[in-house]
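[1] Provide a 3D model corresponding to the input given below.
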Amino acid sequence: MKQFSNFLFASLLVVLAVNLVGCSDGKLKTEPVRGIVTLDGVPLEDASVNFTPKNPGEGTASFGRTNAKGEYLLQTLLGNVDAGTLPGEYVVTVSKHIQVPTGRRIEDSNSGEMQDEMDSILIFPEMAKYANTKTTPFSATVVKGKNQFDFDLKSE
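    Just a heads-up that it's a prediction; the model follows:
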């Protein structure tokens, strides 16, 4: 009897998990989200665009990277590539980082070879407000259907 109870409980958990993600392939039912990011009206290439849910339990964190034209397509970790995100209200951050050597050498955990340690730094530190969820002026409400959100960063 206990085995049957465990089996029933496990089965219910599987059904619940499938319903939570929206379909049996483990992917979220997302809405397409795209847009253009500019800096003073000029396309901003290789910038990170992050959508963070405003309210816990609504939506899911999602991200995109801009191309040479400043265009991005959003996706989540659990959704299909460039498929968008869940409907909801989001705080939007935009940042651009580069990798720079720290001057120290470290051992690569995979190969065991010594390599330069790298650190990520914000390219436009004077515009850090766009990279912080507490100070960014950007927000978006994702709805069913296609969503287009363009963001123009202003240099100070």
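
[2] immediately after the worst-scoring helix or strand of the chain on mean pLDDT, which helix or strand?
    When the helices and strands of the chain are scored by mean pLDDT, DSSP states H and E, helix 2-21 comes last with a mean of 39. Going down the chain from helix 2-21, the next helix or strand is strand 33-39, by DSSP states H and E.

[3] quick one: contacts of that following strand?
    43-44, 47, 49, 51, 62, 64, 66, 69-74, 84-85, 94, 124, 140, 142, 146-155 (Cβ atoms under 8 Å, 6 or more residues apart in numbering). Where you see a C-beta, it was placed from the backbone N, CA and C, and this is true even at glycine.

[4] Sheet partners, orientation included, of the longest strand along the chain?
    For the chain, the strand with the greatest residue count under DSSP state E is strand 97-107. Strand 97-107 pairs in its sheet with strand 114-122 (antiparallel), by DSSP bridges.

[5] What residues sit buried inside the strand it pairs with?
    For strand 114-122, the neighbour count (16 or more other Cβ atoms under 10 Å) marks no residue as buried.
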